[in-house]
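>>> Provided below for reference: sequence and predicted model.
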Amino acid sequence: MRSWAGRAWLAVAGVALGAALAVPLLAAPAALGATGTAPAAGPAARHVVIVGISGLRWNQLTPAATPQLWRLASGGSVGSLVDYAQQPLACPADGWLTLNAAARAQGPRPCALPAVVPHGGGASVPALPSIIRANQGFHESPDWGLLGSLADCATAVGPGAALALAAPSGAVASYLPAEGELSAVVLARCPLTVIDLGQTPDQTPDMERSRVSTLDRQLATIVAELPADTLLLVTSPGAAAATAAGGSQAGPPHLMAVVVSGPGYADGLLTSASTRRPGIVTLTDLTPTVAAWLGRAVPTGTVGARVGRASRGDLTATIRALLGRDTAEQVWLATHGWFFVGYAAADALAFGLPALLWWGTREERRRGRARCWRVAGVLAAAVPLGSYLSNLAPWWRLAHPAWWLYGMTVACTLVVAALALAGPWRRDALGPFGAICLATVAVLGLDVMTGSRLQLEAPFGLSLLVSGRYYGIGNDVLGVYCVSVLVAAAWLGRVLPQSPLLPRRQAWSTPPVLAAIVLGLFAVIAMGWPGFGAKAGGTIALVPCLLLLIALTGGGANAGGAGAAEVRVGWRWAVPVALSGVALFAVFAVISYLFPAVGVSDLGTFAGNLLHGGGGGVLERKVGSNVGTLTVSVVRWLIPVAAVAAGVALWRPALLRLRTLARAFAVAPASRTVAWLCWLVLVIGWLVDDSGVIVPAAALPFAVPLVVSMAVSVSAAAVGGGYLGSAFAGRSAAAAGAGGDAPPKYDQRQPPR
């Protein structure tokens, strides 16, 4: 009869290989709409009219207060707009400039629309050249004046519209100061008309309702005079400026309202390949969409995607779902930082209290500390997985959603930890940790293959408003994912049966090595494939660390570093291993660029920019973003200090009087290798990901307790830790000390029976 380890190996191998072989089949649905069919897009239009109302949100629209907007939404396609320009708090000028250039842009600060100077039938925006110069430091590669160049004739109405249609010099060919001067003749004169109706107020609810009703009546007048076969886009370029501060500050970030009415967009839900989320489109999607409506090509490298349509159900239920998504975003914004503070504080308490309660060097006190630290480490390792499982329930629809989210996160964490401590692997020193890491990799990998639904607004997950990433592995979980892959691969390789008589040339085919290869293949494809995770930094960081794990430990097979598949990595292999992640990233990028059907992503955009000479700007932007993450707060400067301290602790644990860590490294040298690779993958992820210091910062509350608890478990097992069972009894604590001449080798090839 096969052991539980053998059965687990067969199950994991089957699932991982099946997922890997199914990549071409699973990648295509990534770009599908809500109904499972490719999102439909409207045909080319004779006239396109864009109406901008800054700050317009779905909670402001009702059949009674805004009948015109409600009629447009009922007959057209609706969605939520991510107004992310250079900052989540986008001013109206930011939104209009982003429409102008089809790339994230930022206007003057404090928030104000630049002055427009009418002359003749046109106008000029004198401040635009200086705004363009100010945006050069962001390296977003905007195509200034793109929106105005999409039609032979374009009319701007209002100051925001002038900013959207202005040429790089600031010139606007056709301009009307206010919507009151519009007529059917003016709307029919040009293929493109852009109208700025102003903004909703940040005042009392009564004043807000009154203002929105006024805007709705103005919109009704415009709709009544539209030419036949017009595609009408009602959108919200930027948040409303806060009048309490004299109109100088941007309002809080929210998901804004967007409606498309016209041929091809009846009774639908807006979709975009750039978000891969039905009902969610971005500000940078709008200009490429207008280009498609007007039958014009969009320059290569434009970051947005054409907005399409998928089927929807009842409008009221659809708007309720869109509002629920915004509620979840507000919970994430309000609690995300405090979650990590609480997570770190709980870690410190869980490890500090046992140290005080069982202070001393006597064997029973050391055993008591080890038991508590093992449980604390399992709980800490289960938190990310628990946070994702909490998204299985729609907590954002309930009263007090934040309480429900974190209550379910705690409950799921306790269940995961209990299963890890009670499973058939419980008597293995590293069993609970390996099982949790393996489950975390499986859940996250399958999640990104099916749309990243569990990550959205989870404490360790994605935020539509802040992160600017809508699918794949988010920045907050990148470190957790990579560390989990390494620990799970090492643990699988350690518990699977060995074949010591196998010839060395066939050692790669032993179950431990195959386990590490299969799990690594699954993890890297899930994270890096353009149709799934499309995570460049994670691919570059994880691949070389996985190769080193397999080479140095034989898939985690032998604690003493003499596994059947162990390979000595010489200097001649240093460069190929170091560049292996970059090479695979390049392959994924080229695939994304040449075969958009597998999944449109930033990888393909980067490849296109590189092939057309624009890669330098992208790299400069990512480097600037990486460095900029250190300047957000003084606290983030502690992360480099923590990284250096962790490196010293792993290099010379005795120097910092970390006796347990030194003992674990002595009795199980492979544990040192795994710990070093966990540190290395976080550092590489930090250096190559544009989120920078966020990668190790978010992973520290997970990785540090995990490594410490694994060291404690290995050390306790080697000296006969009673909580692991009698299988480890009979080993001498003195012989296992950090200063012992010949510490016992803990056999990691099989779990104790």
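That came through fine. As the structure is a computational prediction, the values presented were derived from the model and not from experiment. Numbering: from 1, shown residues only.
>>> could you measure from residue 63 over to residue 140?
According to C-beta to C-beta, to the nearest Å, residue 63 and residue 140 sit 40 Å apart. The way it works is simple: take the backbone N, C-alpha and C, and place the C-beta from them, glycine included.
>>> between these two, which one's more packed in?
Higher neighbour count among residue 63 and residue 140: residue 140, with 21 against 13, using other C-beta atoms under 10 Å.
>>> go ahead and confirm the more buried one touches residue 105.
Yes: the pair residue 140 / residue 105 is scored as a contact, 6.9 Å apart, by C-beta atoms under 8 Å.
>>> which residues do these two both contact?
residue 86 (C-beta atoms under 8 Å, 6 or more residues apart in numbering).
>>> longest helix in the chain, please.
In the chain, taking DSSP state H as the definition, the longest helix is helix 315-357.
>>> what's the spacing between it and its chain's center?
For helix 315-357, the gap between its own C-alpha mean and the chain's C-alpha mean amounts to 16 Å (C-alpha atoms, centre = their mean, to the nearest Å).
>>> show me what that helix is packed up against.
Counting contacts by 3 or more C-beta pairs under 8 Å, 6 or more residues apart in numbering; DSSP states H and E, helix 315-357 packs against helix 67-75, strand 77-82, strand 255-261, helix 363-389, helix 401-422, helix 694-718.
>>> quick check: phi and psi at residue 361.
Phi and psi for residue 361, reported as degrees, to the nearest 10, are phi -110, psi 0.
>>> same question, residue 116
phi -110, psi 130.
>>> next, count neighbours for it.
Around residue 116 there are 23 residues (other C-beta under 10 Å).
>>> poorly predicted segments of the stretch 1-150 of the chain, please.
1-44 (pLDDT under 70).
>>> and the helices in it?
In the stretch 1-150 of the chain, the helices defined using DSSP state H, counting those that start in this stretch lie at 4-21, 23-27, 67-75, 92-101, 128-135, 146-149.
>>> quick revisit: adding distance to residue 461, write the helices and strands packed on helix 315-357 out as CSV.
Listed next are these as CSV, based on distance: least, C-beta to C-beta, whole Å:
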stretch, distance to residue 461
helix 67-75, 29
strand 77-82, 16
strand 255-261, 16
helix 363-389, 7
helix 401-422, 11
helix 694-718, 11
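>>> go through these and pick out the most buried.
Highest mean neighbour count among the helices and strands packed on helix 315-357 (mean count of other C-beta atoms under 10 Å): strand 77-82, with a mean of 28.
>>> could I get that one in PDB with only the CA atoms?
Extracted C-alpha coordinates of strand 77-82, given in PDB (Å, rounded to 0.1, in the frame of the first residue of the first chain):
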ATOM      1  CA  SER A  77     -23.900  49.100 -21.500                       C
ATOM      2  CA  VAL A  78     -22.700  50.000 -18.000                       C
ATOM      3  CA  GLY A  79     -19.600  49.500 -16.000                       C
ATOM      4  CA  SER A  80     -17.300  51.000 -13.300                       C
ATOM      5  CA  LEU A  81     -14.400  53.100 -14.300                       C
ATOM      6  CA  VAL A  82     -11.000  53.000 -12.600                       C
END
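>>> now the residue most central in space within the chain: closest residue in space, sequence neighbours ignored.
Centroid-nearest residue in the chain, with C-alpha atoms, centre = their mean: residue 474, separated by 2.1 Å. In this structure, residue 474 finds its nearest non-sequential neighbour in residue 462, 4.4 Å apart by C-beta to C-beta, 6 or more residues apart in numbering.
>>> against residue 519, how distant is the closest residue to residue 445 other than its chain neighbours?
Closest residue to residue 445 apart from its sequence neighbours, by C-beta to C-beta, 6+ apart: residue 526 at 3.6 Å. Using C-beta to C-beta, residue 526 is found at 11 Å from residue 519.
>>> one more: residue 80?
37 Å.
>>> shouldn't residue 125 be in contact with residue 161?
No: distance between residue 125 and residue 161: 10.8 Å, which falls outside the contact criterion (C-beta under 8 Å).
>>> with neighbour numbers in mind, choose between the two.
Applying other C-beta under 10 Å to residue 125 and residue 161 shows that residue 161 carries more neighbours, namely 29 against 25.
>>> from residue 54, how far out is that one?
Taking C-beta to C-beta, one finds residue 161 at 12 Å from residue 54.
>>> so where's the stretch 401-550 of the chain shaky on pLDDT?
In the predicted model, the stretch 401-550 of the chain carries pLDDT under 70 at residues 497-509.
>>> what segments of it are helices?
401-422, 431-449, 475-495, 511-528, 536-553.
>>> for residue 337, find the nearest of the ones you listed.
With distances scored as C-beta to C-beta, the stretch of the helices of the stretch 401-550 of the chain nearest to residue 337 is helix 475-495 (11.0 Å).
>>> just the C-alphas of that closest one, formatted as CSV.
Output in CSV follows, covering the C-alpha atoms of helix 475-495 (Å, rounded to 0.1, in the frame of the first residue of the first chain):
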residue,chain,number,x,y,z
ASN,A,475,2.5,42.9,-5.3
ASP,A,476,1.4,42.2,-1.7
VAL,A,477,1.3,38.5,-2.2
LEU,A,478,4.3,38.1,-4.5
GLY,A,479,6.7,37.3,-1.7
VAL,A,480,4.3,35.0,0.0
TYR,A,481,3.7,33.1,-3.2
CYS,A,482,7.4,32.7,-4.0
VAL,A,483,8.4,31.6,-0.5
SER,A,484,5.5,29.2,-0.4
VAL,A,485,6.7,27.6,-3.7
LEU,A,486,10.2,27.1,-2.4
VAL,A,487,9.1,25.7,1.0
ALA,A,488,6.5,23.4,-0.6
ALA,A,489,8.9,22.1,-3.2
ALA,A,490,11.5,21.4,-0.6
TRP,A,491,9.0,19.7,1.7
LEU,A,492,7.6,17.5,-1.1
GLY,A,493,11.1,16.5,-2.1
ARG,A,494,11.9,15.6,1.5
VAL,A,495,8.9,13.4,2.2
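>>> now it and helix 694-718, what's the angle there?
Put simply, helix 475-495 runs at 30 degrees to helix 694-718, going by axes from the mean of the first three to the mean of the last three C-alpha atoms, to 10 degrees.
>>> which of the three states applies to residue 302?
At residue 302 the chain is in coil, as set by DSSP: H, G, I helix; E, B strand; the rest coil.
>>> near it, how many other residues are there?
21.
>>> excluding its backbone neighbours, what's nearest it?
With C-beta to C-beta, 6+ apart as the criterion, residue 302 has its nearest non-adjacent residue at 5.1 Å, and that residue is residue 102.
>>> pull the number of nearby residues for residue 574.
Residue 574, neighbours per other C-beta under 10 Å, totals 11.
>>> if we can go back for a sec, show me the contacts for the residue nearest to residue 445.
19, 444, 445, 446, 448, 449, 532, 533.
>>> buried among those? Need that as a selection in PyMOL.
Selection command for PyMOL covering only the buried members of the contacts of residue 526, criterion 16 or more other C-beta atoms under 10 Å:
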select buried, resi 19+444+445+448+449+532+533
